[in-house]
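Participant: sequence and computational prediction follow.
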Amino acid sequence: HGCIMRIQARIRDVVLADVTHYDLALIDAPKELKADREIVLAAVTKNGMALHCATEELRADKEIVLAAVTQNRRALRYARRELKRDRDIALAHLKHDIYAFRHIPEELKADRAFILALATQNGRVLGFVAEELKADREIVLAAVTQYGYALQYAHKELRADREIVRAAVTRYALQYAHKELRADREIVLAAVTQSGCALYYATAELKADREIVLAAVTQSGLALHHAAEDLKADRELVLAAVSQNDSALQYATEELRADREIVLAAFATQDNRGQALQYVPEELKVDREIVLTAVKSNGMALQYAPEELKTDREIVLAAVTNNGYALQYAPKELRADRKFVLTAMTQNSSAIEYAPKELRADRKFVLTAVTQNSSAIEYASENLKADQDILLAALAQGKMWPLSLSPLPAKLRTDRDFILEAVTRCGSSIYFAAEELRADRDIILAAVLKQNNRFALHYTTEELMADREIVLAIVTQNGTALQYTAKDLRADREIVLAAVKNDGRAFVHAAMMLKLDRDFVLAAVSQNGSLLKYTAKHMRADRNIVLAALSSAQKSEEIPLYEWIPMNLW
């Protein structure tokens with residue numbers, strides 16, 4: 001009897017370690033352990049949705065349900081009905097899902113203390129509460145402090161409360177303040193410092209206040225649009241605005257839009273959108289240096305260049321080098337230039353979309369293009385999308401998605417030689433193979449050996465999923481693939497050792513008999529010390545196991561395992 005008790009205790013230790021580290025571990029736990037409070041609490045702390053595996057009794061345990069809902073609000077669906085009405089659990093749930101407010105009990109909706117606590121963690125609740133609570137100063141202040149836009153739901157009188165509005169505007173809500181407070185210089189200055197375009201809601205007098213406008217355009221250059229007209233002629237203000245957002249140039253006076261220093265500052269903006277050139281006067285647009293500077297900053301500015309400069313090879317090359325999409329604004333003769341298109345594709349593979357049809361139907365060019373960037377196949381002519389050499393060249397980069405951009409012809413899906421070559425280049429290509437080829441052992445083995453491809457197991461037969469040689473090849477390259485293998489292979493010492501050597505996390509997917517086997521655990525930590533943290537408590541209390549783990553971790557320069565070692569071993 002004592003021996004049975006010890007075995008049961010050790011199994012419990014293993015499951016406790018598993019649920020601490022693996023989201024889905026509770027699903028496979030023995031039925032009696034799904035009623036173990038400590039294990040279920042550890043499981044829902046890791047993954048709230050694990051609550052659905054717990055016994056009915058534990059689904060009525062407030063601490064467990066609260067931990068589950070805190071980790072994942074959707075776990076509430078598995079709680080017992082009486083706990084769905086619990087104040088603390090409702091708070092944890094509504095913190096991340098305020099729209100569920102309409103489903104909570106009426107007594108909670110009318111509970112002032114509950115609403116105040118909720119407003120502190122999610123100000124959006126103010127939009128759902130009763131009118132009398134929208135007039136409660138303390139609740140409104142808590143709500144707008146957490147979520148400034150909640151000011152729009154506050155009672156009219158409180159939107160004229162200076163302290164409340166001051167708290168709200170630090171969260172971008174000036175538009176909802178009473179008009180008197182939108183004339184308050186201190187409040188407006190605080191608002192535009194947070195969101196420059198809040199200047200729109202200020203009074204005309206404050207829109208003419210140079211300090212306020214400078215603060216606004218420094219935060220958002222586009223706020224210049226809302227400044228008083230005379231300030232749009234202020235060189236320092238305009239320079240600050242275009243330095244923050246190149247599009248702000250459109251709001252400057254004509255004189256300043258012709259100011260070379262200001263124009264160049266717009267081009268030099270860190271987040272250059274390529275828009276400034278369209279607002280430059282004609283006399284500067286024909287200036288080659290100006291246009292060249294513009295396209296070097298953002299190639300898309302080419303669309304605003306005068307026609308005569310769009311034929312300038314150096315300018316167009318600078319544009320497509322900066323942004324491949326700029327190719328669409330190049331003249332036809334340059335879009336038909338192979339070198340130009342390939343240069344554009346170096347920056348953005350989709351630039352091939354703007355090459356003429358003749359070029360996209362040119363086999364030699366498309367082969368070069370997909371070799372350079374596999375996604376170019378999307379824009380190739382239809383007959384070239386089915387060209388074996390082009391498809392294989394695209395797959396050589398190790399990405400499966402070129403095949404998803406270009407549906408694989410049925411003939412190639414059943415072509416064994418092609419599929420074998422495809423998976424050799426990109427293991428995930430197995431997804432596109434015909435069903436009978438997914439059962440081909442050589443193809444599956446080639447697929448999994450190519451690229452740590454654990455997902456190849458999803459696309460094959462159950463027979464091959466239980467093939468020891470294939471599974472051993474997979475877990476040697478990607479240990480966590482162990483979770484997808486046949487149950488008996490998770491009890492195979494050689495396979496599991498290969499898996500944990502590659503990735504210590506694979507240990508949680510090993511069979512229970514191996515997790516309880518001291519010799520096996522000792523062998524496992526000897527080759528990968530990091531898995532010590534995934535072992536059961538009694539294994540971490542074993543001096544020899546800990547020493548073996550530390551020695552292995554030291555050799556591989558692993559992160560120290562000290563937090564997983566019991567204090568009595570120090």
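Facilitator: All right, it came through fine. Fair warning: this is a prediction, and the values are worked out from it, not measured in the lab.
Participant: nearest spatial neighbour of residue 125, chain-adjacent residues omitted?
Facilitator: residue 118 (5.0 Å; CB to CB, 6 or more residues apart in numbering). Heads up, the C-betas are built off the backbone N, CA and C, glycines and all.
Participant: OK, contacts around that neighbour?
Facilitator: Listed by CB atoms under 8 Å, 6 or more residues apart in numbering, the contact set of residue 118 reads 91, 94-95, 125.
Participant: shaky segments in the stretch 401-550 of the chain?
Facilitator: 401-407, 450-458 (pLDDT under 70).
Participant: and for residue 178, the neighbour number?
Facilitator: 17 (other CB atoms under 10 Å).
Participant: ok, for residue 173, nearest residue in space, not its chain neighbours?
Facilitator: Closest to residue 173 by CB to CB, 6+ apart is residue 148, at 3.8 Å.
Participant: before we move on, back to that, which strand or helix spans the residue nearest to residue 125?
Facilitator: Counting by DSSP states H and E, the element that carries residue 118 is helix 112-121.
Participant: what's the closest of the contacts of residue 118 to residue 272?
Facilitator: Closest to residue 272 out of the contacts of residue 118 is residue 95 (39.1 Å), distances taken as CB to CB.
Participant: was I right to think that closest one contacts residue 122?
Facilitator: Yes. Residue 95 is in contact with residue 122 according to CB atoms under 8 Å; the separation is 5.5 Å.
Participant: out of those two, which sits in the more crowded spot?
Facilitator: Set residue 95 next to residue 122 and count neighbours by other CB under 10 Å: residue 122 wins out with 20 against 17.
Participant: check contacts around that one.
Facilitator: 94-96, 98, 146-147.
Participant: so which of these wins on neighbours?
Facilitator: Within these, neighbour counts (other CB under 10 Å) peak at residue 94, which reaches 25 neighbours.
Participant: I figured that one hits residue 108, correct?
Facilitator: No. When contacts are counted by CB under 8 Å, residue 94 is not listed as touching residue 108 (9.4 Å).
Participant: any common contacting residues for these two?
Facilitator: Counting by CB under 8 Å, 6+ apart, residue 94 and residue 108 have no contacts in common.
Participant: can you tell me the helix or strand for residue 266?
Facilitator: With DSSP H and E as the criterion, the answer for residue 266 is helix 260-267.
Participant: residue ranges for the helices of the stretch 401-550 of the chain, please.
Facilitator: With helices called from DSSP state H, counting those that start in this stretch, the stretch 401-550 of the chain shows them at 401-405, 410-413, 416-425, 441-450, 462-465, 468-477, 493-502, 512-515, 518-527, 537-540, 543-555.
Participant: what's the spacing between residue 336 and residue 308?
Facilitator: Distance of residue 336 to residue 308, computed by CB to CB, to the nearest Å: 19 Å.
Participant: pLDDT on the helix holding residue 118, on average?
Facilitator: What helix 112-121 shows for mean pLDDT is 96.
Participant: which positions within it qualify as buried?
Facilitator: 114-121 (16 or more other CB atoms under 10 Å).
Participant: now the residues you listed as CSV including distance to residue 7?
Facilitator: CSV is the format used below for the buried residues of helix 112-121 (distance: CB to CB, whole Å):
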residue, distance to residue 7
114, 48
115, 52
116, 52
117, 47
118, 48
119, 53
120, 50
121, 46
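Participant: ok, these vs residue 140, which is closest?
Facilitator: residue 119 (7.9 Å).
Participant: quick check on residue 72: phi, psi?
Facilitator: Main-chain dihedrals, residue 72, degrees, to the nearest 10: phi -150, psi 110.
Participant: show the contacting residues for the closest residue to it other than its chain neighbours.
Facilitator: Closest residue to residue 72 apart from its sequence neighbours, by CB to CB, 6+ apart: residue 48 at 3.1 Å. Contacts of residue 48 were listed using CB under 8 Å, 6+ apart, and they are 67-75.
Participant: filter those down to the buried ones.
Facilitator: 67-73, 75.
Participant: just curious, which of those residues is nearest to residue 360?
Facilitator: Once CB to CB is applied, the member of the buried ones among the contacts of residue 48 that ends up nearest residue 360 is residue 72, at 47.6 Å.
Participant: for residue 445, see how far away the closest one is.
Facilitator: For residue 72, the distance to residue 445 - CB to CB - is 39 Å.
Participant: so residue 41 makes contact with residue 63?
Facilitator: Yes. In this structure, residue 41 is within contact of residue 63 by CB under 8 Å, at 6.9 Å.
Participant: of those two, which one has the most company?
Facilitator: residue 41 (18 against 12).
Participant: so which strand or helix has that one?
Facilitator: helix 37-46.
Participant: just the buried residues of that helix, please?
Facilitator: 39-46.
Participant: columns pLDDT and distance to residue 496 on top of those, output as CSV?
Facilitator: Formatted as CSV, the buried residues of helix 37-46 follow (pLDDT from 0 to 100; distance: CB to CB, whole Å):
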residue, pLDDT, distance to residue 496
39, 96, 23
40, 96, 27
41, 97, 28
42, 96, 23
43, 96, 23
44, 96, 28
45, 96, 27
46, 95, 22
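Participant: sorry, back to before: with secondary structure and distance to residue 183 as added columns, please give the contacts of residue 118 in JSON lines.
Facilitator: JSON lines is the format used below for the contacts of residue 118 (DSSP: H, G, I helix; E, B strand; the rest coil; distance: CB to CB, whole Å):
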{"residue": "91", "secondary structure": "helix", "distance to residue 183": "38"}
{"residue": "94", "secondary structure": "helix", "distance to residue 183": "36"}
{"residue": "95", "secondary structure": "coil", "distance to residue 183": "36"}
{"residue": "125", "secondary structure": "helix", "distance to residue 183": "30"}
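Participant: just those now: which is nearest residue 524?
Facilitator: For those, the minimum distance to residue 524 (CB to CB) is 40.6 Å, reached by residue 95.
Participant: give the closest residue to the closest one in space, chain neighbours not counted.
Facilitator: residue 121 (4.9 Å).
Participant: can you pull the contacts of that neighbour?
Facilitator: 91, 95, 146.
Participant: what's the distance between the second one and residue 71?
Facilitator: Think residue 95. 12 Å.
Participant: ditto for the last one
Facilitator: Between residue 146 and residue 71 the distance, using CB to CB, works out to 21 Å.
Participant: any chance you could list what contacts the helix or strand containing residue 317?
Facilitator: Using DSSP H and E, residue 317 sits within helix 313-322. With contact meaning CB under 8 Å, 6+ apart, helix 313-322 is reached by 288, 291-292, 295-302, 305, 309-310, 326-327, 329-331, 334, 340, 343-344, 346-347, 351.
Participant: try stretch 518-527
Facilitator: Outside stretch 518-527, the residues touching it (CB under 8 Å, 6+ apart) are 493, 496-497, 500-501, 507, 514-515, 531-532, 535, 539, 542, 544-545, 548-549, 551-552.
Participant: out of the residues you listed, which are buried?
Facilitator: Buried among the contacts of stretch 518-527 (16+ other CB under 10 Å): 493, 496-497, 500-501, 507, 514-515, 531-532, 535, 539, 542, 545, 548-549, 552.
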